[in-house]
Structures are given as C-alpha cells and as structure tokens.
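Engineer: need the 3D shape of this:
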Amino acid sequence: MTDDVVRTPSGVLVPASIDPFHRVLHHVAPCGLVGDTAQTSGMRRREAISGATVGARNLWMGQTHVPGSTNSGNHHHGASETAIYVVSGTPRFVFLDVEGDEPVERVVQTAPGDYVFVPPWVPHREENPDPDTEAVVVIARTTQEAVVVNLEGLDWSAVRIPG
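Structural biologist: Numbers count the residues shown, from 1 in each chain. Here you go, the predicted model:
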C-alpha cells in the first residue's frame, strides 16, 4: 500500500487525504434545517448544508422565506457567489445598477423555477409583493457559512472589500 491511499475498515482503498467524515453522503431532511444562522430583517434563512451541519468545506446551502407583502433589508454576501432557485411565490430581487451614466435601481422579477445569480459584494434586497403567498427560495453559496452583511441602502458606499 502506498502513502497516497488508505484501506478503510471494509477493505476499500481511498485517497489518504479524504477523512472518514467526507467519504459518506449526508442527508438533511426538512425537519433538520437550522434557523440559527445569519439573518436579515424581513426574511428567515434556514441552513441545510454548511460547515456546521455536514462539514462542507466550500459550500453553504439553505432556504430563505419572505412572508407576503414584505421586503428584506438591504444586504450583501461578501466574497461569496450566491445562486438562488425560486421554489414558490414571485419574489423580486432589487439592486443598484451602476454601469450607466447614473445609478439606477433595477428589479429582477422571478417566478417558480427561475434561477438568479448574485455576484460577490453586490448590495441587494428581496421583495415579496404578493400579500397572500410566502416566497421560498433555495440558496447556494460558495462559502461554508451564511455570509450576510446588512446595509442601510443599496449603494456601494458601505461595502468594504478586504485587500
């Protein structure tokens, strides 16, 4: 046997760099979602996959719930890229488009089945204009924790990029 592999108790050879915790699938049922995570006013985040829940090294995944007729607070997710999948409701994602001559507030209107990509550092908020239907989205981030920086507004003046 070389130093590059180890033999598991069942006799299977696996790369030595992969610890036992990361050689099995981890199942998280809806009742196992964790509500004790970074929050923004107007929404409720529930953590499913993270460093804390399953030992993820590079990924955070969970749900966000926004009640009817509610807007979240303005926020960004630091250096993390965020992918959003709309499960239910018709949430709107609002950001400040700064690429033209003047900054313009833009709205991305979504429906169930839609995907949205939020680049790192981009200030935004989620709005649910429907008074009767909760908006539920699934979120995946390129960090193992729910990075959330709450902001007063959508402008970039409060965004602090390290480096």
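
Engineer: please report phi then psi for the nearest residue to Val149 once chain neighbours are set aside.
Structural biologist: On the basis of CB to CB, 6 or more residues apart in numbering, the spatially nearest residue to Val149 that is not a chain neighbour turns out to be His76, at 5.3 Å. Quick note: C-beta positions are derived from backbone N, CA and C, even for glycine. Backbone torsions of His76, given as degrees, to the nearest 10, read phi -140, psi 170.

Engineer: who touches the host helix or strand of Ala83?
Structural biologist: Using DSSP states H and E, Ala83 sits in strand 82-88. Applying CB atoms under 8 Å, 6 or more residues apart in numbering, the external contacts of strand 82-88 come out as 63, 93, 110-118, 133-142.

Engineer: may I have the helix or strand following that strand as CSV, with CA atoms only?
Structural biologist: Remark: after strand 82-88, the chain's next helix or strand is strand 92-97, criterion DSSP H and E. Only the C-alpha atoms of strand 92-97 are listed here, as CSV (Å, rounded to 0.1, in the frame of the first residue of the first chain):
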residue,chain,number,x,y,z
ARG,A,92,-38.3,40.3,-6.8
PHE,A,93,-34.6,40.9,-6.4
VAL,A,94,-33.6,44.6,-6.3
PHE,A,95,-30.1,46.0,-6.9
LEU,A,96,-28.4,49.3,-7.9
ASP,A,97,-27.2,49.1,-11.5
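
Engineer: Asn71 reaches Asn128, doesn't it?
Structural biologist: Yes: if you go by CB atoms under 8 Å, Asn71 and Asn128 touch, sitting 7.4 Å apart.

Engineer: which one's more surrounded, the two?
Structural biologist: More crowded of Asn71 and Asn128, by other CB atoms under 10 Å: Asn128, with 23 against 16.

Engineer: quickly list what the more buried one is bridged to.
Structural biologist: Thr70 (DSSP bridges).

Engineer: right, and it touches Gln109 too?
Structural biologist: No: between Asn128 and Gln109 there is no contact under CB under 8 Å: 11.6 Å.

Engineer: helices of this structure, residue ranges please.
Structural biologist: Assigned by DSSP state H, the helices in the chain fall at 51-54.

Engineer: where in it is pLDDT low?
Structural biologist: Of all residues in the chain, those with pLDDT under 70 make up the ranges 1-3.

Engineer: before we move on, back to that, look up the residues that both of Asn128 and Gln109 are in contact with.
Structural biologist: The contact lists of Asn128 and Gln109 share 90, 92, where a contact means CB under 8 Å, 6+ apart.
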